[in-house]
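here's my sequence, what's the structure:
(2 chains)
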Amino acid sequence: MCPYEKSLDEERKHRQKEFKDLEQLVNRILKLAQPRNEKEDLALFLGNVLLFIKRVEGFELSEDEKKYPSHSQFSHSTLTKGRDTVLGLKHRLGIIDRFNITNAHRIIQIIASTAVSTPIETLSRRQIRLILELHQEPLLRQQELAQRLSTSSTVIKRELDNLRRHFSFAVVHNVDFQKFKLLLVEIDFYTKSLAASERLAQFCRKTPPLFLRRICFDHDFRLGYLTYQIPDQPRGRRLLEDRIKWLKDEFFEDASKFPIRSMHIGISFDSYDLSSGAWMLGAETVAETMLQFALRETQDAVQFRSHRYGEALQFDQVDYLLAQTPIISGEKNRLEVCQKVLEQWGFELATKTIWKRDQKLREAGVYFPTVWFDIPELEELVQFSIECTPDARDRISRIPSILPYTYMVTSDDGLFFTFQRPSRCASITGLLTRLINREEGVSKVTLLRYEPSFSPQMFTQTASRWDSSRQRWVLQEGDI
Amino acid sequence: MAVIANDTLEIIEQRILSRLMPTERNQLASLLRNAILFIKQMRGEPLTDEEKSYPAHKLLSHSEHFGGKEAAETVAFRLHLIDRYQLQNANYIEQIVTLDYPAAYGKRFTARKALILRELYETPTIPKYKLAKKIGTSSRVITRELNELQHEFAFQIVTSADPQKFRLVSQGILFRAKSAKHSERLENLLSNQQGFNRTFQLDRDMLRGVIVFRYPNQQKAHRMFEERVRWLQDEFFLDCYLFLLTGFHYSLSFATYDPEINAFSFDPEIVSEAPFTYIKQHISTLPKLQGCDYGEPIRFDRADFLLAHSLYSSGYLGQTDFKQRLLKQHGVDLSKKTIWKREQRLRKKRVATPIIEVQIPGFDENISFIVFGSQEACNTIRGIPTFLPYVIFFTTDSGCILHIQRPAHTSALTGQLLHSIQKEPEVSDVKLLRYQWRIVSTRHVDIVDRWNEEEQKWEIHEGDI
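Coordinates of the predicted model:
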């Protein structure tokens, strides 16, 4: 045997030994896995993983092994990736063994979730154009889109499917609550202690006020905000004041209240480098330049879509419930869904009547459709709450024009914006804080990174409190 | 978002140049021309003879075929960005055009690089030939890999000297400022002051931060520090906590590096939930962190102090020539052999710790947990670095500090780790900081002349702390 063949032989032996160790490791994982009734599925899954590794390593498969049935989440016979995938799989099996993970479902999740979805998703030039067109006119038909992009409807359909699958793309119909005589109020807070935060979360979970819509905490679990939709009536406002006073006594060290007047969605791909898939905001010089420009220039082509909350309508409970039933683009059976929701509340309406009612609401401007998607390389959601003069608000509200995806609301005393921060661009948050703080007329800037928030009450729960004949909300103690 | 056509690029070039001052215009004209010629060439457009002979620029040359089509489009995109945002600062423009950002973005961190770093972490002073032998490759490959690490992942070996051995204390103040404007004023103030070393780090919210004062372990200095804290409280702080740094440790681990996706892959839930049970069960067998608890003062002179601060450093700081010149600047004339002997003695006395500095692949942000709690709680927290790529761990008199380089796509880790640490029974409080700005006011070389060798004490002046 020549030295070259000898070294090949040694390497083969080494790999075979490694594989045996891996088999032992898999057996160990299988032995400890819980619950018992899922063990069979896990065995099938891990069997596929081992066979896949064997194939990539170039080991011969027996006839039985070749016929081994596929698993729904991982099949040794369909994957064609190379040695890197094998290294990745070994690495994950090692983690499962090392950290003693025994839940069968979790084991499959850890291996399958990332085993195949390796490349970082990037947007194409056409997808970006499609998003920007729909951002300006969310209800454009596919044929119109095809015409604008000089392509076929089939291509548009395929691109939209890709966007939905990889970037959670959707056209969302936001509701103008002011038209239903509700006022959106955000209360920013900093709690007295961690224990106070725990107690506040408990309160919102166990005895949530009817008109409380959302509670959200920062990573540090001290900073956060509450969103209320209070009836726009003197009693509603009074009850809110009482509630804030109570919250301050019980939980808050500091709190500010902002009634929301309008909402804006901004999308910008200005800093997205198509050829590398990188967001240039990660480079401080670029980020600073863009931020300075946004603050300085008034005539920028801001890609905002804005909606100012309007005057209250004449409406009944059916209208309110209809508006609360989410419309997501592509949802074909909306009328049936609405019918079911209405039935739960004791209203029996034909789908045709529902359609007519819905059209009436659309014409009255109750819905404000916008596009939603996860930007490529999305790392976290960051929110800025800014207390400032109207002048400063107008200047600062131009900043989101350079950020990838921003949701912004304005109030009389300032503004909030939440933006999707791409990974490797953490410094943009610090730069934003610094530059906004330097603006004249700014009195306070609060930076908040979202932890998963929760909505204590369903929107529809409030429907029963609407008195259609007197066109007013009926409020009870503890509702706010 | 159309492809930027060649003639549009020419217009962009003119527009960028027209916004600059005449002197800066000259500085940038050659760079921009080279950039455009490079784009044209990569797009396969023929160049005229005049264009072909256009002189190369030192930072970006059209005649060197680096990158490829994608790199050319990136450069085109950047020119468009500079024009659209009307950038007028020549240095910034130069930086943006030549920035290695997208290249570094997708750089592959090979298994070999991980292996090299692991070996260096275990034995930072290992000679290259031994390192090559251990890894099973040649010294030339090691040199190439180290160069790549240095350029693409900011790799270097630095030295962390034990302050206590040199009769200095490191006293930290964790503060919440009255407002962002107060923080900015404090930042300006500290960056312009002389005296003993101060490190100022500010969170991205500009309201929270840490100042570490390194000052003589002498009565007068302690008194001055107390006065300084009182003044800071009155002027800038809403509240503050003091802590004394008592040890420095760090950990570099590639256990969770996934070569398939070229990133650290770990489930934040595993890292935050499993470890505490796991650590407690396996505490005796967990890999040890590198570093040490600060020790008793030694007898030293100015040369020892200077040498100790670059004892293990790589690059020019590690070169004996440089050290010899530095010592000479401070009136100490030593031969290379004496320097070598001195360094051996200092290493034996363990006056410093070598640290591998590297930016982990897919790095997203720096986060710190400042933990107040019992020794027992800190011993458990000390096990967390085993599961994370790069962690610096300080022990303090009231707990510990965990400083983490967090990889991309693991943002949930921050909250989950925080909650897990909070839940530890012996932990009384945890503060989370995300640093962005770091200012170091003075370096060790700036204070060396204050050391009185005969009396073995530091000379302290008004305003030093």
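
quick one: the strands in the stretch 251-400 of chain B, in order.
Applying DSSP state E, counting those that start in this stretch to the stretch 251-400 of chain B gives strands spanning B:257-258, B:263-264, B:290-293, B:352-357, B:363-373, B:390-396, B:399-407.

name the helices or strands packed onto the third one?
Under the contact criterion of 3 or more C-beta pairs under 8 Å, 6 or more residues apart in numbering or on different chains; DSSP states H and E, the helices and strands touching strand B:290-293 comprise strand B:237-252, strand B:352-357. Any C-beta I mention is one placed from the backbone N, CA and C, and that applies to glycine too.

any idea which of the ones you listed is most buried?
A comparison of the helices and strands packed on strand B:290-293 by mean neighbour count, using mean count of other C-beta atoms under 10 Å in any protein chain shown, puts strand B:352-357 on top with a mean of 20.

partners of that one, with directions?
If you go by DSSP bridges, strand B:352-357 pairs up with strand B:156-161 (antiparallel).

pretty sure residue B:187 sits against residue B:438.
No - contact criterion C-beta atoms under 8 Å: residue B:187 and residue B:438 do not qualify, at 10.3 Å.

overlap in contacts of the two?
Taking C-beta atoms under 8 Å, 6 or more residues apart in numbering or on different chains as the criterion, residue B:187 and residue B:438 both touch residue B:200.

these two: which is more packed in?
Each of residue B:187 and residue B:438 has its neighbours counted (other C-beta atoms under 10 Å in any protein chain shown); residue B:187 has more, 18 against 12.

quick one: that one from residue B:172, how far?
17 Å (C-beta to C-beta, to the nearest Å).

ditto for residue A:91
Per C-beta to C-beta, residue A:91 is found 37 Å from residue B:172.

please apply the same query to residue A:242.
43 Å.

neighbour-wise, which of those two wins?
Shown here are residue A:242 and residue B:172; by other C-beta under 10 Å, residue B:172 has more neighbours (24 against 12).

now do the phi/psi pair for the more buried one.
phi -100, psi 150 (degrees, to the nearest 10).

hang on, it packs against residue B:214?
No - Residue B:172 lies out of contact with residue B:214 (C-beta under 8 Å); the separation is 10.0 Å.

is stretch A:48-65 anywhere near chain B?
No - on the criterion C-beta under 8 Å from any C-beta of the partner chain, stretch A:48-65 is out of touch with chain B, staying 11.7 Å away.

in that stretch, which residues are buried?
For stretch A:48-65, a neighbour-count test (16 or more other C-beta atoms under 10 Å in any protein chain shown) marks A:48, A:49, A:50, A:51, A:52, A:53, A:54, A:55, A:56 as buried.

what of stretch A:456-470?
A:456, A:457, A:459, A:460, A:462, A:463, A:465, A:466.

go through the residues you listed and name the one nearest residue B:255.
residue A:456 (40.4 Å; C-beta to C-beta).

I figured the closest one hits residue A:206, correct?
No - between residue A:456 and residue A:206 there is no contact under C-beta under 8 Å: 9.2 Å.

what about the longest helix in the chain?
As the question left the chain open, I've gone with chain A. Scanning chain A for the helix with the most residues, using DSSP state H, yields helix A:3-32.

should've been chain B
Per DSSP H, chain B has its longest helix at helix B:22-42.

helix or strand right after that helix?
Following helix B:22-42 in sequence order, the next helix or strand is helix B:49-52 (DSSP states H and E).

follow-up on the earlier one: now tabulate the buried residues of stretch A:48-65 in CSV and tack on pLDDT.
CSV is the format used below for the buried residues of stretch A:48-65 (pLDDT from 0 to 100):
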residue, pLDDT
A:48, 89
A:49, 89
A:50, 90
A:51, 89
A:52, 87
A:53, 87
A:54, 86
A:55, 83
A:56, 81
